[in-house]
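Visitor: no sequence on this one, just coordinates:
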C-alpha cells in the first residue's frame with residue numbers, strides 16, 4: 001500500500017455536525033484533502049499545540065507527551081491506517097531503546113500528539129481514494145468539494161465518512177442521480193440504526 005504524507009490544512013467548525021469540528025488534512029504533494037470530524041476537546045487540543053499556546057496546567061495530550069519524554073519514548077510518526085463504516089483508525093508509531101512499536105489511537109488524539117511531537121502524519125492511498133475531496137474554486141469566490149475519486153465503485157460508500165455521505169447525497173440530489181442518492185440514504189440509515 002502506498003503511504004502518503006499529510007499536513008494539517010485547516011481546523012474549523014463542522015458544517016454538518018453542530019457541536020463538532022473538522023480537521024482537514026492535505027497531501028503534501030497533491031491536491032486531495034481528508035476532512036475528519038472531531039470533538040470540541042480534541043479540536044482545542046490540536047489548536048493549542050498549533051498555536052504554541054502554553055496552558056497553566058498540562059492538557060491530557062501534554063501529559064502524554066510529558067510521560068513519553070520522561071520514559072524516553074519517541075513518537076516517530078502517526079498513521080491513519082484504516083477507514084471502516086466511516087470511522088477513521090490511527091496508530092502511533094513509537095520507538096524506545098531502538099525498538100519500534102505501535103499504539104492504537106483515535107485519529108483526533110493521534111493528530112494532537114503528532115502536532116506536539118512535530119512528527120509526520122501518513123495515510124494510505126485507499127483512504128484518500130475513499131474519503132478524500134478536492135477543493136475547487138467556484139464562481140463568485142468560495143470553494144466546493146468534489147470526491148477525490150469520482151469513479152469510485154458505488155459499493156465503496158460503506159467506507160465514506162458521514163460528512164462525505166451527506167455532501168455526496170446533496171450532490172446526487174442536485175444532479176438528479178436518484179439511484180445513487182437512494183444508496184447513500186440507505187447507508188446513512190444503516191449506520192444510524194447501528195448506533
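Guide: Sure thing, it's come through. Keep in mind that what you see is a predicted model, and the values were worked out from it rather than measured. Numbering: from 1, shown residues only.

Visitor: My read is that residue 165 contacts residue 184, right?
Guide: Yes. Using CB atoms under 8 Å, residue 165 is in contact with residue 184, at 5.4 Å. (Glycine included, C-beta is placed from N, CA and C.)

Visitor: Tell me which residues touch the residue nearest to residue 21 when sequence neighbours are not counted, please.
Guide: Spatial nearest neighbour of residue 21, chain neighbours left out: residue 43 (3.7 Å); criterion: CB to CB, 6 or more residues apart in numbering. Residue 43 is in contact with 11, 21, 23, 108, counting by CB atoms under 8 Å, 6 or more residues apart in numbering.

Visitor: try it again with 10 Å
Guide: Counting by CB atoms under 10 Å, 6 or more residues apart in numbering, residue 43 touches 11, 12, 13, 14, 20, 21, 22, 23, 37, 108, 111, 112.

Visitor: export those residues to TSV and tack on neighbour count, secondary structure and pLDDT?
Guide: Output for these, formatted as TSV (neighbours: other CB atoms under 10 Å; DSSP: H, G, I helix; E, B strand; the rest coil; pLDDT from 0 to 100):
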residue	neighbour count	secondary structure	pLDDT
11	17	strand	88
12	11	strand	82
13	12	strand	74
14	18	coil	63
20	16	coil	79
21	21	strand	86
22	19	strand	87
23	24	strand	91
37	21	strand	88
108	22	helix	95
111	29	helix	97
112	30	helix	96
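
Visitor: which residues of this structure score low on pLDDT?
Guide: For the chain, the stretches with pLDDT under 70 are 14-18, 135-157, 159-161, 163-164, 194-195.

Visitor: can you pull out the strands in it?
Guide: With DSSP state E, the ranges of strands along the chain come out as 3-13, 21-27, 32-38, 74-84, 87-96, 99-106, 121-124, 133-137, 143-147.

Visitor: and those as JSON lines, adding distance to residue 59?
Guide: Supplementary listing: the strands of the chain in JSON lines, determined by distance: least, CB to CB, whole Å:
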{"stretch": "strand 3-13", "distance to residue 59": "15"}
{"stretch": "strand 21-27", "distance to residue 59": "16"}
{"stretch": "strand 32-38", "distance to residue 59": "15"}
{"stretch": "strand 74-84", "distance to residue 59": "16"}
{"stretch": "strand 87-96", "distance to residue 59": "17"}
{"stretch": "strand 99-106", "distance to residue 59": "15"}
{"stretch": "strand 121-124", "distance to residue 59": "19"}
{"stretch": "strand 133-137", "distance to residue 59": "30"}
{"stretch": "strand 143-147", "distance to residue 59": "31"}
